[in-house]
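Peer 1: sequence first, predicted coordinates after that:
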Amino acid sequence: MPRPDIDEAGLDQLLLFARLELTPERRAAVGPALDLIVGLMDSLDAVDVGETPPATAFDPRWE
């Protein structure tokens, strides 16, 4: 299920959580960038990994 776009209230909450103060110009640029990131996360969620073990199970030693 796709995530909803981040609205002004959501952006306010994210900036408050991150303790960031942005100018209106920067806020205007951050909104579309966040929507792009959320879209990429949605596309990763759509990938069927089946029975692939988590990366913590990877053993890089040569045998």
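Peer 2: Yep, it's here. Numbering: from 1, shown residues only.
Peer 1: now Pro2: closest residue in space, sequence neighbours ignored.
Peer 2: Distances taken as CB to CB, 6 or more residues apart in numbering place Asp42 nearest to Pro2, at 4.9 Å, with adjacent residues excluded. Yep, even glycine has a C-beta here, placed from its N, CA and C like the rest.
Peer 1: next one, pLDDT for Ala57 please.
Peer 2: Note for Ala57: predicted pLDDT of 69.
Peer 1: quick check: mean pLDDT of the strand or helix carrying the residue nearest to Pro2?
Peer 2: Using DSSP states H and E, Asp42 falls within helix 24-45. In this model, helix 24-45 carries a mean pLDDT of 90.
Peer 1: tell me the buried residues in that helix?
Peer 2: Val30, Gly31 (16 or more other CB atoms under 10 Å).
Peer 1: chain center to that helix, what's the gap?
Peer 2: Averaging C-alpha positions (CA atoms, centre = their mean, to the nearest Å) puts helix 24-45 8 Å from its chain's average.
Peer 1: ok, residues contacting it?
Peer 2: Here helix 24-45 makes contact (CB atoms under 8 Å, 6 or more residues apart in numbering) with Pro2, Arg3, Asp5, Ile6, Leu11, Leu14, Leu15, Leu22.
Peer 1: any quick ChimeraX command for the buried ones out of the residues you listed?
Peer 2: To isolate the buried members of the contacts of helix 24-45 in ChimeraX, using 16+ other CB under 10 Å:
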select :6
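Peer 1: reformat the contacts of helix 24-45 as TSV; add secondary structure.
Peer 2: Listed next are the contacts of helix 24-45 as TSV, based on DSSP: H, G, I helix; E, B strand; the rest coil:
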residue	secondary structure
Pro2	coil
Arg3	coil
Asp5	coil
Ile6	coil
Leu11	helix
Leu14	helix
Leu15	helix
Leu22	coil
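Peer 1: any idea how far apart the tips of stretch 15-33 sit?
Peer 2: 14 Å (CA to CA, to the nearest Å).
Peer 1: cool, stretch 49-61 as well?
Peer 2: One end of stretch 49-61 to the other measures 23 Å (CA to CA).
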